[in-house]
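A.B. asks: got a predicted model here, sequence first, then my questions.
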Amino acid sequence: SKELGKNQVQYYTHDFHANMQQRMQLENELKLAIKRDELRLFYQPQVDATTGALAGVEAFICWQNERRGLLAPDDFIPLAEESLLIIDIGRWVINEACQQFSTWNKLYDLKNMTFTIAVNISAKQFKDHGLFDYLRACIKSNEIDAQLIELEFTESSLESSLDAIDMLNKLSDIGVKLALDDFGVGYSSLSQLKKFPFDVLKIDKSFVQDPRDNGNGLLAAICAFAHSLGYETVAEGIETEEQKLLCQTLNVNRLRGYLFDKPMTAKELQKSWLTHLLK
Ligand code: C2E
Ligand code: CA
Ligand code: CA
Ligand code: CA
């Protein structure tokens with residue numbers, strides 16, 4: 001009735017204000033996160049699908065906040081994107097990943113293997129017109145081989161502007177590897193794909209894990225499509241031996257998922273995956 005409707009409105013506005021307040025507080029704290037040194041990168045191994053050997057890592061950001069604990073990217077990256085804090089955070093991620101990579105290059109013998117470090121880039125970072133120069137400076141000062149840096153963009157990047165194509169071409173020209181993340185989720189842009197200089201397609205975990213994909217026809221088609229167009233492939237979300245074997249059969253190049261390991265700190269990665277490569 002009317003009475004109930006009124007109450008609902010009151011609840012709604014109350015919740016709305018409470019949410020707004022919480023959001024603004026979170027945003028204010030996130031603004032301070034870099035200064036307070038509260039951001040962390042976690043690294044998850046990627047393995048060569050054929051040999052099972054370590055092929056590199058993907059870096060994931062987390063936020064270690066005193067009051068809230070450890071926040072996962074999904075808890076604050078969307079807010080960072082809306083508020084454009086993602087520009088500073090995105091640069092922090094690039095710098096941190098490059099410094100870590102340089103440290104590993106000094107400690108471990110990575111020369112005889114292809115060890116790539118993959119970094120997630122938000123489509124909103126195309127608004128950062130200094131990003132290209134920033135990345136190039138990080139690569140240079142840390143003496144990194146540009147080919148070993150892989151930048152991951154989601155399909156929403158494909159819908160965006162000429163800025164996107166322009167920046168991707170510049171990145172590709174200096175040898176940085178470009179990967180399209182969550183491939184297959186936004187199939188609308190399939191015809192757009194060749195306009196962009198991607199090297200790698202990352203097959204979304206929903207395809208690897210889809211129980212309704214009987215006989216795995218969809219996954220097989222995606223892999224065949226990717227390879228016939230000359231892309232390298234990475235499958236994510238590999239949790240079972242069966243999924244691993246399936247991806248091997250489909251000639252996926254690299255694999256990532258809990259079957260191999262979870263995202264972990266740099267120190268943990270060193271202990272579990274890198275010690276045998278000590279110089
Ligand atoms: P994504 O790049 O598609 O990352 C895959 C997500 O799957 C990660 O979650 C990862 O921890 C998780 N994952 C890894 N292996 C498995 C598995 O075997 N099974 C399952 N079910 N999940 C697995 P996470 O760390 O919560 O990251 C979520 C998303 O946040 C990422 O999706 C990425 O889009 C974004 N993100 C993470 N780090 C950054 C960053 O530094 N910058 C930006 N812009 N976005 C980031
Ligand atoms: Ca990714
Ligand atoms: Ca993904
Ligand atoms: Ca994702």
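C.D. replies: Everything's here; your move. Ligands and ions are numbered 1, 2, ... in the order given.
A.B. asks: is ligand 2 contacted by stretch 146-159?
C.D. replies: Yes - contact of stretch 146-159 with ligand 2 (Cβ under 5 Å from the ion) involves Glu152. Just so you know, the C-beta spots here come from the backbone N, C-alpha and C atoms, and that holds for glycine as well.
A.B. asks: cool, stretch 184-203 as well?
C.D. replies: No - using Cβ under 5 Å from the ion, stretch 184-203 never reaches ligand 2; the gap is at least 6.3 Å.
A.B. asks: ok, now stretch 32-47?
C.D. replies: No - no part of stretch 32-47 sits near ligand 2 under the criterion Cβ under 5 Å from the ion; the closest distance found is 9.5 Å.
A.B. asks: which other residues reach that stretch?
C.D. replies: 53-66, 88-89, 92-93, 96-97, 100, 116, 118, 234, 254-256, 260-266, 269, 273 (Cβ atoms under 8 Å, 6 or more residues apart in numbering).
A.B. asks: out of those residues, list just those in helices.
C.D. replies: Using DSSP state H, the subset of those located in helices is 88-89, 92-93, 96-97, 100, 266, 269.
A.B. asks: how much space between the most centrally placed residue in the chain and Lys127?
C.D. replies: In the chain, the centroid-proximal residue (Cα atoms, centre = their mean) is Asn120; its distance is 3.2 Å. Asn120 is 16 Å from Lys127, where distance means Cβ to Cβ, to the nearest Å.
A.B. asks: ok, now Arg67?
C.D. replies: In terms of Cβ to Cβ, Arg67 sits 30 Å off from Lys127.
A.B. asks: and if you look at Phe76?
C.D. replies: Phe76 is 18 Å from Lys127, by Cβ to Cβ.
A.B. asks: and these two? Which one has more around it.
C.D. replies: Phe76 (24 against 14; other Cβ atoms under 10 Å).
A.B. asks: so how far is the one helix or strand that one maps to off the chain centroid?
C.D. replies: Here Phe76, judged by DSSP states H and E, is contained in helix 73-83. Counting by Cα atoms, centre = their mean, to the nearest Å, helix 73-83 is centred 14 Å from the centre of its parent chain.
A.B. asks: give the contact list for the nearest residue to Cys138 once chain neighbours are set aside.
C.D. replies: Leaving aside its chain neighbours, Cys138 sits nearest to Cys98 (4.1 Å; criterion: Cβ to Cβ, 6 or more residues apart in numbering). Listed by Cβ under 8 Å, 6+ apart, the contact partners of Cys98 are 138-139, 141-142, 144, 149.
A.B. asks: now render these as TSV, adding neighbour count, pLDDT and secondary structure.
C.D. replies: Putting the contacts of Cys98 into TSV (neighbours: other Cβ atoms under 10 Å; pLDDT from 0 to 100; DSSP: H, G, I helix; E, B strand; the rest coil) gives the following:
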residue	neighbour count	pLDDT	secondary structure
Cys138	20	98	helix
Ile139	21	98	helix
Ser141	12	98	helix
Asn142	17	97	coil
Ile144	19	96	coil
Ile149	26	98	strand
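A.B. asks: which of the residues you listed sit farthest apart?
C.D. replies: Farthest apart among the contacts of Cys98 by Cβ to Cβ are Ser141 and Ile149. That separation is 13.4 Å.
A.B. asks: returning to what we had before: what lies in contact with the helix holding Phe76?
C.D. replies: Contacts for helix 73-83 (Cβ under 8 Å, 6+ apart): 23, 26-27, 30, 60-63, 85-86, 89, 120, 122, 124.
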